[in-house]
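**Student:** sequence and predicted structure below; questions after.
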Amino acid sequence: VPELPEVEIYRRYFARHALGQPVASVQVTDRRILHRATVPALRKALVGSSFHHTRRHGKHFFAQADTGWLYLHFGMTGDLHYGAAPKFSRLIITFENDAVLAFEDMRLFGRVGVVRDPDQFIREHRLGPDPLDPTFGAGGFAELLGRRRGAVKSLLMNQRNIAGLGNLWVDEILYQTGVHPRRSVEKIGRTKRQEMFRVMGRILNSAIERQERAASYPKNWLIENRDEGAECRRCGGRITRTVVFGRTTYYCAAHQRG
Ligand SMILES: [Zn+2]
């Protein structure tokens with residue numbers, strides 16, 4: 001499932017290949033992919049225009065054309081291909097130089113749309129701040145958590161609090177900061193909340209950078225040890241599997257404190 005790091009990599013891929021070239025045609029091969037948009041509206045916004053700028057907010061991607069923004073959500077199996085359109089392409093953009101950019105999505109949980117203003121989209125969908133937004137700092141994060149009640153894992157998974165964190169990376173942040181996934185956020189002090197913010201940024205940036213060069217994760221990250229009974233590479237404890245907020249959760253019962 002594409003999470004924030006994958007979507008950031010798609011954004012960079014799109015920016016590397018698809019900016020500055022006039023769009024010749026837009027083809028939608030399965031209308032179920034459309035999110036509050038029609039094929040004519042998509043064509044009207046894109047054909048004859050070029051993409052100038054890309055933006056990501058959480059797991060949401062936007063590319064600015066002359067009169068609107070293309071919106072993509074990668075769902076569970078979304079992917080971008082520049083050069084040729086693979087089998088499960090749902091949106092195919094052909095540029096005037098005959099190059100093709102395809103949005104592939106086998107399982108059709110992704111979304112394609114046209115957005116007039118990403119900021120308005122973010123407000124309408126009541127999305128919280130993006131964890132890598134440079135204007136969002138440790139203080140803002142600590143304050144945001146301070147206004148909430150309940151299990152820290154469910155708070156971090158809620159896109160209205162912070163946009164873009166999914167199951168894997170929330171587990172990783174809690175593991176690396178020694179916080180039990182069910183710990184009440186009221187019981188996490190301000191210093192710890194600020195530490196969580198810094199660790200979150202470090203993990204996400206490192207994940208983006210490693211995925212971009214197809215490198216593996218450090219062996220002492222939870223993501224490399226998500227197995228019931230595996231040895232914790234930080235403290236020698238055991239990795240435990242449980243369900244929090246309906247999601248499979250891995251944590252170390254020895255060093256992650258409730
Ligand atoms: Zn441990």
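**Tutor:** Ah, there it is.

**Student:** who in the stretch 101-250 of the chain is up against the ion?
**Tutor:** For the stretch 101-250 of the chain, the contact set with the ion under C-beta under 5 Å from the ion comprises 232, 234-235, 237. (C-beta placed from N, C-alpha, C; glycine too.)

**Student:** find the nearest non-adjacent residue to residue 200, please.
**Tutor:** residue 173 (5.0 Å; C-beta to C-beta, 6 or more residues apart in numbering).

**Student:** list the residues that contact that neighbour.
**Tutor:** Residues counted as contacts of residue 173 (C-beta atoms under 8 Å, 6 or more residues apart in numbering) are 156, 165, 196, 199-200, 203.

**Student:** quick revisit: present the residues of the stretch 101-250 of the chain next to the ion as JSON lines; the columns should include pLDDT and secondary structure.
**Tutor:** Output for those, formatted as JSON lines (pLDDT from 0 to 100; DSSP: H, G, I helix; E, B strand; the rest coil):
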{"residue": "232", "pLDDT": "97", "secondary structure": "coil"}
{"residue": "234", "pLDDT": "96", "secondary structure": "coil"}
{"residue": "235", "pLDDT": "97", "secondary structure": "coil"}
{"residue": "237", "pLDDT": "97", "secondary structure": "coil"}
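
**Student:** so how far does stretch 56-64 reach from one end to the other?
**Tutor:** Chord length of stretch 56-64, first to last residue, is 11 Å (C-alpha to C-alpha, to the nearest Å).

**Student:** go on, stretch 90-108?
**Tutor:** For stretch 90-108, the end-to-end distance is 8 Å (C-alpha to C-alpha).

**Student:** which parts of it are buried?
**Tutor:** For stretch 90-108, the neighbour count (16 or more other C-beta atoms under 10 Å) marks 90-95, 100-106 as buried.

**Student:** same thing with stretch 202-214?
**Tutor:** In stretch 202-214, counting by 16+ other C-beta under 10 Å, buried: 203-204, 207-208.

**Student:** who touches it?
**Tutor:** Taking C-beta under 8 Å, 6+ apart as the rule, stretch 202-214 contacts 4-6, 8-9, 12, 131-132, 169, 172-173, 176, 216-217, 221.

**Student:** and those residues, which of them are buried?
**Tutor:** Using 16+ other C-beta under 10 Å as the burial test, the contacts of stretch 202-214 include 4-6, 8-9, 131-132, 169, 172-173, 176, 217, 221 as buried.

**Student:** quick check: the farthest pair among those residues?
**Tutor:** Spanning the widest gap among the buried ones among the contacts of stretch 202-214 are 9 and 176, at 21.4 Å by C-beta to C-beta.

**Student:** related to what we said a few turns ago, tell me the one of the contacts of stretch 202-214 nearest residue 247?
**Tutor:** residue 169 (12.1 Å).

**Student:** list the contacts of the closest residue to the closest one other than its chain neighbours.
**Tutor:** Nearest-residue entry for residue 169: residue 3, 6.0 Å, with adjacent residues in sequence omitted and distances by C-beta to C-beta, 6+ apart. Listed by C-beta under 8 Å, 6+ apart, the contact partners of residue 3 are 59, 164-166, 168-169.

**Student:** go again with 10 Å.
**Tutor:** 58-59, 74, 164-170, 204, 207 (C-beta atoms under 10 Å, 6 or more residues apart in numbering).

**Student:** perfect, that will be all.
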